[in-house]
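Predicted model follows, preceded by the sequence.
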Amino acid sequence: MEDQNLQQSKTFNKYACVCAIFGSMISIVFGYDTGVMSGAMILIKEDMKISDTKVEILAGILNLFALIGSLTAGRVSDYIGRRLTIVGASIIFLLGSVLMGYAPNYATLLTGRCIAGIGVGFALMIAPVYSAEISSPTSRGFLTSLPELCISLGTLFGYVSNYFFAKLDLKFGWRLMLGIAAIPSLALALGIMKMPESPRWLAMQGRLEDTKKVLMIVSNSREEAELRFEDIRIAAGIDDTSNGNEVVVNKSSGEGVWKELLLRPTKSVRRILITVIGIHFFDHATGIESIILYSPRVFKKVGITSKDKILLATVGVGVTKTVFILIATFLLDKFGRRRLLLLSTTGVILTLATLGFSLTMVERSSSRLMWALSLSIVSTYAYVAAFSIGIAPITWVYSSEIFPLKLRAQGVGIGVAVNRVMNATVSMSFLSIVRAITIGGAFFMFAGISVFAWLFFYFMLPETKGVPLEEMEALFCKGPRYFSHNTNTVDVEIQRNNII
C-alpha cells in the first residue's frame, strides 16, 4: 500500500498542469509588452522625435502603475476569487493595448502604458498565486514557475514582432507591435472561466464541498486530495466538525490582513515578508532589465550597427531566456529552490563582471578589439542564461508559496510592488547611469549588487521543495543560521504519509 501511495505521489496531474498553464497565459501578454517595447522605443523615438528622458519615462511608467495594480490585486482576488481577477487583468491589458495601438501622440501612448501597467500588477500577483494554490507539493515548483516561463515566451514573441513589424511603414509598424496584444487578452478573458477556482480560495469562503471537488481533480490520488483538504481546512481556521458546502468562516478584513503583515507580524511572518521583499528587490537590482529592455543599445555599443541585425541579436536574448527558464522548470522540483538560486546568482556575478570588463575595454580602446566585442556578446547571453535558470523563476515560485493562506494574496502583492518599483528604477535610470559611470561601470555596479544578493539568499532562504503550503510558516520559525546549514529540509516533509 505504501509503495502504491508513493507511486501515486509521483504521478503528474495533467489537469492541474492545464489549469496552471491557462492561468499563466496572462503573463505571456505582459512578457510580450516588455519585449516588444525594446524595439518599439527605437521606432517611437524616430517617429515622435522624443528625447531619451521621455523614452525612459515610457519604459518605466508601466512599472509604477503596476505597483498600484499589485497592491490592489491582493484584496480584489480575496474578494472576487482568483479566476475573476485573471479576467480583470486581461480586460485591463486589452484596454491598454488598444489605446497604445491607436496612440496619435505621446500623451495617449503614455496613458495606454499606464493602463496596461495596472494590468501588469494584477497579472504578476495572481498568476503565480493561482498556480501555487492549484498544484500538489511534488509538482509545485514546475507549475508555479510557468508564469515566468510564459513571461519569457511573451518577451521572445515581442522580440520576433520587433524584427518583422519594423520592416513596415514607420508610423504603422510600432502601433501594430503594441496593439496586437489586445487579441490574446480577449481570448484569455473568455477562456479562463472554464478553469476551476483555487481550492484554497474556496475554503476561505467556507465552500468546503466545492473545495473537495476541485482537489479531487487536481490531486494525484484520492488520499492526497483528502490530506490536502485537511491541511487547507486547518489553515483556513475551519472546525473539523463543520459539514456542508456553505460554512461560516471568520474572514480577515483587508485592514486586519495588512496589520498582520506589517504592524503586528509574528516572527515567522516577519521573516517571510523580509525574504519576499529581498528576493523581489534583487530580482531587478541585479540588472536584468538593462538587457531585456535596452539590449538593442548594448548590441549597438559592441559594434552591431544594422537595425535588422540589432533586432535579430535581441531575438537571441529572448531565445536564451526562454530556453533556460524552461530548463529551470524541470530542475526546481528535483534540485530544489535554494541550490539552484545560489548557483544562478554565482553565474550572474561572474558574467556581469566579465561584461563590465569587456565593455570597458571596448569603450577605452581607440581601435576595434574583436576579442572584447566577442566577449561582450558572449557575456550578455551568458548573463541572461545564468539569471534565467535560477533568479528569474525562483523569485515568483518562492514568494507565492511561503505566505500563510490568509496573508498570501496581499503578501505576494507587496512582493510584486517591490519588484515593479525596482524594475521601474532600473528602466528609468539605466541610460542616466550609463552617462554617469559608462556602460561598463553600470554592469560592474550590478555585479557588486549581485554579491549582496548571494549573501542574502544564503542566509535568509530555507529550502521549500516539497513542503506543503500550510507548513511554510512553521519552516520560517527557524532562524537564518538553520537556513544556511540545512538545505534538505524538504526530504523529511516529502515522506509524510508517503503521499505528499
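Yep, it's here.

Show the residue spans covered by the strands in this structure.
Under the criterion DSSP state E, strands are not mapped anywhere in the chain.

which stretches of the stretch 351-500 of the chain have low pLDDT?
Across the stretch 351-500 of the chain, the ranges flagged by pLDDT under 70 are 479-500.

80 - rerun?
Within the stretch 351-500 of the chain, the stretches falling below the threshold (pLDDT under 80) are 365-368, 405, 428, 469-470, 478-500.

Can I get stretch 189-197 in PDB? Just the C-alpha atoms.
Taking only C-alpha atoms (Å, rounded to 0.1, in the frame of the first residue of the first chain), the coordinates of stretch 189-197 have been written out as PDB:
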ATOM      1  CA  ALA A 189     -10.600  36.700 -20.600                       C
ATOM      2  CA  LEU A 190     -13.200  34.400 -22.300                       C
ATOM      3  CA  GLY A 191     -11.300  31.100 -21.700                       C
ATOM      4  CA  ILE A 192     -10.200  31.400 -18.100                       C
ATOM      5  CA  MET A 193     -13.800  30.900 -16.900                       C
ATOM      6  CA  LYS A 194     -13.700  27.300 -17.900                       C
ATOM      7  CA  MET A 195     -10.900  26.700 -15.400                       C
ATOM      8  CA  PRO A 196     -11.700  25.700 -11.700                       C
ATOM      9  CA  GLU A 197     -11.400  28.200  -8.900                       C
END
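
tell me how far the biggest helix by length in the chain is from the chain's mean position?
Longest helix in the chain by number of residues (criterion: DSSP state H): helix 408-460. For helix 408-460, the gap between its own C-alpha mean and the chain's C-alpha mean amounts to 14 Å (CA atoms, centre = their mean, to the nearest Å).

Then stretch 288-297?
On the basis of CA atoms, centre = their mean, stretch 288-297 is displaced by 17 Å from the centre of the chain it belongs to.

who's in contact with Leu355?
Contacts of Leu355 were listed using CB atoms under 8 Å, 6 or more residues apart in numbering, and they are Ser376, Ser379, Thr380, Tyr383, Gly440, Phe443. All C-beta spots, glycine's among them, are computed from the backbone N, C-alpha and C.

ok, the residues you listed vs Met100, which is closest?
Thr380 (27.9 Å; CB to CB).

And the pLDDT for the closest residue in space to Leu178 that isn't next to it in sequence?
Closest residue in space to Leu178, ignoring its immediate chain neighbours: Met100 at 4.0 Å, by CB to CB, 6 or more residues apart in numbering. What the model reports for Met100 is a pLDDT of 91.

One more: the one 3 residues further on?
At Ala103, the predicted lDDT confidence score is 88.

Any idea how many residues pack against it?
When counting by other CB atoms under 10 Å, one arrives at 21 neighbours for Ala103.

Contacts only, for the nearest residue to it once chain neighbours are set aside.
On the basis of CB to CB, 6+ apart, the spatially nearest residue to Ala103 that is not a chain neighbour turns out to be Leu109, at 3.9 Å. By CB under 8 Å, 6+ apart, the residues touching Leu109 are Ile44, Met48, Leu58, Leu99, Met100, Ala103.

The closest residue to Glu260 other than its chain neighbours: neighbouring residues, count only.
Counting by CB to CB, 6+ apart, the nearest residue to Glu260 once its immediate chain neighbours are dropped is Leu407, at 6.1 Å. Leu407 sits with 21 neighbouring residues when counted by other CB under 10 Å.

go on, Ser51?
The local packing of Ser51 (other CB under 10 Å) involves 9 other residues.

What's the separation between it and Met204?
Using CB to CB, to the nearest Å, one gets 49 Å for the distance from Ser51 to Met204.

if we can go back for a sec, in the contacts of Leu355, find the pair that's most separated.
Based on CB to CB, the longest span within the contacts of Leu355 runs between Tyr383 and Gly440 and measures 13.6 Å.

the more surrounded of these two?
Neighbours around Tyr383 and Gly440, counted as other CB under 10 Å, are more numerous at Tyr383. The numbers are 30 against 21.

contacting residues around the more buried one?
The contact partners of Tyr383, by CB under 8 Å, 6+ apart, come to Ile291, Gly347, Val348, Thr351, Leu352, Leu355.

Quick check: Pro137 touching Glu471?
No. With contact defined as CB atoms under 8 Å, Pro137 does not reach Glu471; the gap is 9.2 Å.

Which one's more surrounded, the two?
For Pro137 versus Glu471, the count of surrounding residues by other CB under 10 Å is larger for Pro137: 26 against 15.

what are the phi and psi values for the more buried one?
Here is the backbone geometry of Pro137 (degrees, to the nearest 10): phi -60, psi -30.

can you pull the buried residues of stretch 463-474?
Glu463, Thr464, Lys465, Gly466, Val467, Pro468, Leu469, Glu470, Met472, Glu473 (16 or more other CB atoms under 10 Å).

Kindly reformat the residues you listed as CSV and extend each row with distance to Leu431.
Converted to CSV, those look like this (distance: CB to CB, whole Å):
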residue, distance to Leu431
Glu463, 39
Thr464, 38
Lys465, 40
Gly466, 44
Val467, 42
Pro468, 46
Leu469, 41
Glu470, 46
Met472, 40
Glu473, 43
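
Just the ones in helices from those residues, please.
For the buried residues of stretch 463-474, the ones inside helices are Met472, Glu473, with DSSP H as the criterion.
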